[in-house]
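**Q** Give me the fold of what follows.
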Amino acid sequence: YMGIYSMGIYDYLRYTFWIGMWGGLAIAAFIIVAILCIRYKLSKKRQSIKKNKYADPTALIVSFFHPFCYDMGGGEKVLYKILESIFKNEASLTELLQRNLKVAIYTAAIESPFEILSRVKNRFDIDLPIDKVEFVKLRKGDYIKSERYPTFTLLKQALGSAVVVFEALWNHPADILFDTMGFGWIYPVAKLICPNLKIISYSHYPFISEDMIAKVANRTSDFNNQSQVASSRWKTKIKCMYYWTILLLYKAVGRFADLIMANSTWTFNHFASLWSANHAALRKLYPPCTVKKHMEIPLDSPRKPRVVSLGQFRPEKNHRMQIDILKKILEKGEKYKNVTFVLIGSCRSKEDEERLEEIQDYARSQKVERNVLFKKNLPFNELFEEMKHCMVGIHTTKDEHFGIAVVELLAAGLVTVAHNSAGPKLDIICEASEVKKGYLGLNVDEFVTSICTALDSFDGAYITNLRKAAREHAQTFSDESFTVEFMKIFNEYLASSFASPKLKSSQFHLNNFTTICLLYTS
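**A** Presented below is the predicted three-dimensional model:
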């Protein structure tokens, strides 16, 4: 200690530099050795599962990363429709690969597999064989819930996802990790710890985008940009720096996916920009929409002056705007006094329940409560009956990535008015196309004009032709179309990546491993 104390500043800095360098190298060496040990362990564990559990050493394990597979929303429908497609085409896949597929789902659900698959049958009418789906329990699945992190949500979710995917692959190593939540942060971690792992992603929207940063930079108050931040210049600057850092990291993780399926043109374009280095792996696949039942509703069935909205009671669905639209319609005179808005949605949590109460309070404050009905967690048969008697459908979500609800409204024969952005604008209603299929609006006045036009001339030839064209277009997004397109993409990928029946688990891709190690150690 006295020797260090008595040395000059130059010698002290040199001494500190060498200690730091050798200490850093020792830590890096320890990390690399630890990763090598984990990779070796998971490789052996994967082979053991195939040999001892499946009694099939050549099996191909496809594991789906979807911790919240019990929520039964649009993302869950994609998951179970993919599984249904795989099982229905299992014979052809086996013939293509010359080996069997084994399927698992990583889940944080406390329900039993029987309870989950029963809910899938009741909610989506998808019947999956319980003996062919293995549910791998995750104790740390809620680490990726945004509600868990009130501050620095994106960063903490990214770090939490690393813990969750490590637990998932440690419990059940896979050959293909199929991410149906679009959680890109897990890709480098998964590739790092699991040898020869292939990653397929079905992404509903980017985790972060330049649109989000622009909204913060413009100091626009929104559900993901609190008013106290938007009103402060220095807080806005700090948040923009934080978002840009997250965005740059997010651009890097896309390189680790082997196949990326985007659910809409809007999502595809964003990923093409964010993950341009991996553009060749990007495909567009619209989500499955149950339009067959909706198309059974006769176009000439008796309708009431009702406007229906479908969507969860969440901030981004913008139900307050719908109340404002209703108020303006009622203010247009006696002609519209019987117009009723029917707001149908689900509540998945206490926060959703509170939000529904806030919307109801807002309707009372605007004195339109007599002309608005709130219907929560409606069973499908009741939802179907409600849609049979409505004239107009409304969807006010800005930048809706796709819009399954919009497709269902078109298929049911309703004149649909949606926000002029993202999925409804680019894929579904496409107002710029030659054949008109609905209306788009940016603000309350535009929505009011379109809804009144639809109500005034609902039985006219123009609106009738519009409804027919809309219903025909809705078939583009049917469950059957999804299955055909998915299997085409999936078959092409499997043929190019797993064409040889010879096991690839013994191979060691040094270049990929070195790249990931350098990324993490730096």
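**Q** From Ser276, how far off is Gly413?
**A** To Ser276, Gly413 is 41 Å away according to CB to CB, to the nearest Å. C-beta coordinates here come from the backbone N, C-alpha and C atoms, glycine included.
**Q** Looking at those two, which is more packed in?
**A** Neighbour comparison, Gly413 and Ser276: the larger count goes to Gly413, with 26 against 11 (by other CB atoms under 10 Å).
**Q** need the contact list for that one.
**A** Contacts for Gly413 (CB atoms under 8 Å, 6 or more residues apart in numbering) come out as His294, Ile297, Pro298, Leu299, Ser301, Arg467, Ala470, Arg471.
**Q** Just send the residues you listed back as TSV, with pLDDT, distance to Ala363 and neighbour count too.
**A** Formatted as TSV, those follow (pLDDT from 0 to 100; distance: CB to CB, whole Å; neighbours: other CB atoms under 10 Å):
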residue	pLDDT	distance to Ala363	neighbour count
His294	89	27	22
Ile297	88	28	19
Pro298	87	32	9
Leu299	87	31	12
Ser301	83	28	9
Arg467	92	29	22
Ala470	92	29	26
Arg471	92	31	20
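**Q** Next up, phi/psi of Ile126, please.
**A** Reported as degrees, to the nearest 10, the phi and psi values for Ile126 are phi -110, psi 120.
**Q** Isn't it up against Val78?
**A** No: between Ile126 and Val78 there is no contact, the gap being 11.0 Å when judged by CB atoms under 8 Å.
**Q** In terms of neighbours, single out the busier of the two.
**A** A count of neighbours by other CB under 10 Å puts Val78 above the other of Ile126 and Val78, at 24 against 18.
**Q** That one - nearest residue in space that isn't next to it in sequence?
**A** Excluding the flanking residues, the one nearest Val78 by CB to CB, 6 or more residues apart in numbering is Pro287, at 5.3 Å.
**Q** Not counting stretch 126-138 itself, show me its contacts.
**A** By CB under 8 Å, 6+ apart, the list of residues contacting stretch 126-138 from outside reads 63, 67, 77, 80-81, 83-84, 87, 102-109, 113-114, 116-117, 120-121, 164, 167-168, 171-172.
**Q** Kindly report the same for stretch 354-372.
**A** Stretch 354-372 has contacts (CB under 8 Å, 6+ apart) with 313-315, 319-320, 323-324, 326-327, 330, 339-343, 345, 347, 374, 376.
**Q** which parts of that stretch are buried?
**A** Buried residues in stretch 354-372, defined by neighbour count with 16 or more other CB atoms under 10 Å: Arg355, Leu356, Ile359, Gln360, Ala363, Val368, Asn371, Val372.
**Q** Among these, which lie within helices?
**A** Among those, the ones falling in helices (DSSP state H) are Arg355, Leu356, Ile359, Gln360, Ala363.
**Q** pLDDT score for the last one?
**A** Looking at Ala363, its pLDDT is 93.
**Q** Quick check: next helix or strand after the top helix by length along the chain?
**A** If you go by DSSP H, the chain has its longest helix at helix 9-48. Per DSSP states H and E, the first helix or strand lying C-terminal to helix 9-48 is strand 60-65.
**Q** for the contacts of Gly413, which one is nearest Glu446?
**A** Nearest to Glu446 among these is Ala470, at 18.6 Å by CB to CB.
**Q** Now do the phi/psi pair for the residue most central in space within the chain.
**A** Most central in the chain under CA atoms, centre = their mean is His204, positioned 3.4 Å from the mean C-alpha point. With angles defined as degrees, to the nearest 10, His204 sits at phi -90, psi -30.
**Q** I'd like the distance between it and Gly75.
**A** Using CB to CB, His204 is found at 6 Å from Gly75.
**Q** any residues in contact with both of the two?
**A** Shared contacts of His204 and Gly75 (CB under 8 Å, 6+ apart): Met181.
**Q** hey, where'd the strands end up in the protein?
**A** Listed in chain order, the strands of the chain (DSSP state E) span 60-65, 101-107, 133-137, 176-179, 198-203, 259-262, 282-284, 304-310, 340-345, 372-376, 390-395, 415-419, 439-441.
**Q** and those strands, which is most packed in?
**A** Highest mean neighbour count of the strands of the chain: strand 415-419, a mean of 29 (counted as mean count of other CB atoms under 10 Å).
**Q** Now do it against strand 390-395, angle only.
**A** Interaxial angle of strand 415-419 relative to strand 390-395 (axes from the mean of the first three to the mean of the last three CA atoms, to 10 degrees): 10 degrees.
**Q** Tell me the strands beside strand 415-419, with direction?
**A** Here strand 415-419 is paired, per DSSP bridges, with strand 390-395 (parallel), strand 439-441 (parallel).
**Q** Now tabulate those strands in a markdown table and tack on mean pLDDT and distance to Val136.
**A** Below are these laid out as a markdown table (pLDDT from 0 to 100; distance: least, CB to CB, whole Å):
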| stretch | mean pLDDT | distance to Val136 |
| --- | --- | --- |
| strand 390-395 | 94 | 36 |
| strand 439-441 | 94 | 43 |
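**Q** measure the residue lying closest to Met387 once chain neighbours are set aside to Asp456 for me?
**A** Among residues not flanking Met387 along the chain, Ala412 sits closest, at 4.5 Å (CB to CB, 6+ apart). Using CB to CB, Ala412 is found at 20 Å from Asp456.
**Q** Between the two, which is the more surrounded one?
**A** Between Ala412 and Asp456, Ala412 has the larger neighbour count (other CB under 10 Å), namely 28 against 12.
**Q** Buried only: go through the contacts of stretch 126-138 for me.
**A** With neighbours counted by 16+ other CB under 10 Å, the contacts of stretch 126-138 contain buried members at 63, 67, 77, 80-81, 83-84, 87, 102-109, 113, 116-117, 120, 164, 167-168, 172.
**Q** Ser450: neighbour count?
**A** 21.
**Q** how close does it sit to Gly438?
**A** With the distance defined as CB to CB, Ser450 ends up 9 Å from Gly438.
**Q** Could you do Asp11 as well?
**A** 77 Å.
**Q** ok so, going back, let me see the contact set for the residue nearest to the centre of the chain.
**A** Neighbours of His204 in contact, by CB under 8 Å, 6+ apart: Gly74, Gly75, Val78, Met181, Gly182, Asn263, Thr267, Pro287, His401, Phe402.
**Q** Swap in 7 Å and give it another go.
**A** Going by CB atoms under 7 Å, 6 or more residues apart in numbering, His204 touches Gly75, Gly182, Asn263, Thr267, His401.
**Q** circling back to that earlier point, taking the contacts of stretch 126-138 one by one, which sit in helices?
**A** Counted as lying in helices by DSSP H, out of these, are 77, 80-81, 83-84, 87, 113-114, 116-117, 120-121, 164, 167-168, 171.
**Q** Is Gln475 in contact with Thr290, as I believe?
**A** No: between Gln475 and Thr290 there is no contact under CB atoms under 7 Å: 11.8 Å.
**Q** Same drill for these two, tell me which one is more crowded.
**A** Neighbours per residue, other CB under 10 Å: of Gln475 and Thr290, the larger number sits with Thr290, 19 against 16.
**Q** Right, I'll leave it there.
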